[in-house]
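J.: Mind folding the following:
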Amino acid sequence: MMNRELISIVLPVFNESKNLQLVYNEILKVIKNLEHRYSFEIIFVNDGSMDDSWKIIQEIAFSDDRVRGFSFTRNFGHQLALMAGYDHASGAAIISMDADLQHPPHIIPSMLDAWKNGAMIVYAKNSTIGRSSLKSAASDFFYRFFDKISTFSIPKHVQDFRLIDQKVCQALRQFNERSPYLRGMVAWTGFPSKVLEVDFKQRAYGKSGYSWVKMIRLAFDGITSFSLVPLRIAFYLGLLIIFTGIGMFTYITIDAVFFDVRYPLFKWLVTLIYICIGLLFSLIWLLGEYTGRIYELVQCRPRYVLLDSVSECKQTQFISLRHSVEARDKAL
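T.: Numbers count the residues shown, from 1 in each chain. Predicted structure coming up:
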């Protein structure tokens, strides 16, 4: 039998005891039809669940050699659970998905086909996002705002249901973030990508672990991790105050000099103090710029990511071939 490429499937788990067996069974149905082309490993990462999730993961792992399980000491968060799965994944491609059946496993073959056709990142986009108007509006606002303040774009309305090539995974492992925003990190790498439209399902059991508070916190992590614009707000505010202050000072000066209008001393002082506040905001911006550069430095992100390279031996062969051609031309 020819060697089959290994595909890793990573599932972060938080209080999903009623869904685990269901999602495992659904994944088995899908990979059964793919086993002639690929081999699989399924990685469950228990993010400090307070129910029987870890016990069920252990039972599944004991019954299936393809299943691996890892358990946190406490709840560290969905993004770190995903990162732990990436750290332990050995597959040529890694598929991440939630364990609540909202991310339908039947799309896995399409993701693998897109990967085989050259996409190193395959996003599964929720085509039903518009049915929840409030969340849709909030999500759309975030992505539009992110596009304005960041140097790269994230496909709109994508979640953490995606396939990444092992090269992308290796790039992610070079990040050293304590509050990772994986949607941004994956897009930041810049590898070729494709978006698949998928109808996401409702949870089989239980409530979503992503409350509005967690969603806002995730959005804040995304903004602060990939943009220094929040630090630069002081600069724009300082400029506004300085220009309006200079305008006010010019106005009362003209009034006093040319129209003999008498202004009390405190009005002059208030105007000058107003301008000084603008200068202080500008200095705060300058301090923020240096702080932002320190922040980027301690994140320890790779300065660049290679998509491909030409090996040294091929380069040597090319040089030898060139010399041979030159020698032949001289002989002729």
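J.: Name the residues that touch stretch 223-241?
T.: 145-146, 149-152, 177, 179-181, 184-185, 188, 274-275, 277-282, 284-285, 288-289, 291-292, 296, 299 (CB atoms under 8 Å, 6 or more residues apart in numbering). Quick note: C-beta positions are derived from backbone N, CA and C, even for glycine.
J.: Filter those residues down to the buried ones.
T.: 146, 150, 177, 180-181, 184-185, 188, 274-275, 278, 281-282, 284-285, 288, 292 (16 or more other CB atoms under 10 Å).
J.: Spell out the secondary structure type for Leu6.
T.: strand (DSSP: H, G, I helix; E, B strand; the rest coil).
J.: list the helices and strands the helix or strand where Ile294 lies packs on?
T.: Applying DSSP states H and E as the criterion places Ile294 in helix 265-298. Judged by 3 or more CB pairs under 8 Å, 6 or more residues apart in numbering; DSSP states H and E, helix 265-298 is in contact with helix 229-258.
J.: Mind pulling up the pLDDT for the residue nearest to Ile252 when sequence neighbours are not counted?
T.: Leaving aside its chain neighbours, Ile252 sits nearest to Tyr263 (5.3 Å; criterion: CB to CB, 6 or more residues apart in numbering). Per-residue pLDDT puts Tyr263 at 86.
J.: same thing with Lys125?
T.: 88.
J.: for the helix or strand hosting it, which positions count as buried?
T.: In this assignment (DSSP H and E), Lys125 forms part of strand 121-126. By neighbour count on 16+ other CB under 10 Å, the buried set for strand 121-126 is 121-126.
J.: Please apply the same query to stretch 47-54.
T.: Applying 16+ other CB under 10 Å to stretch 47-54 flags 47-49, 53-54 as buried.
J.: Could I get the CA-only coordinates of it as CSV?
T.: Listed next in CSV are the C-alpha coordinates belonging to stretch 47-54 (Å, rounded to 0.1, in the frame of the first residue of the first chain):
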residue,chain,number,x,y,z
ASP,A,47,-9.8,23.3,27.9
GLY,A,48,-10.4,22.8,31.6
SER,A,49,-13.9,21.3,31.2
MET,A,50,-16.0,21.0,34.4
ASP,A,51,-18.1,18.1,33.1
ASP,A,52,-17.1,14.6,31.9
SER,A,53,-15.5,15.7,28.7
TRP,A,54,-12.0,14.5,29.6
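J.: So what touches that stretch?
T.: By CB under 8 Å, 6+ apart, stretch 47-54 touches 12-17, 20, 46, 69, 71-78, 80-81.
J.: Can you pull the domain assignment for this protein?
T.: Domain segmentation of the chain under automatic domain parsing yields 5-226, 229-298.
J.: What's the local residue count around the residue nearest to Ile252?
T.: Residues lying near Tyr263 (other CB atoms under 10 Å) number 12.
J.: Contacts only, for the nearest residue to Ile107 once chain neighbours are set aside.
T.: Excluding its sequence neighbours, the residue lying closest to Ile107 (CB to CB, 6+ apart) is Val198, at 5.2 Å. Neighbouring residues of Val198 by CB under 8 Å, 6+ apart: 103-104, 107, 124-127, 161.
J.: Among these, which one sits closest to Phe243?
T.: Nearest to Phe243, judged by CB to CB, of the contacts of Val198 is Lys125 at 43.4 Å.
J.: and that closest one, what does it touch?
T.: Lys125 neighbours (CB under 8 Å, 6+ apart): 155-158, 195-198.
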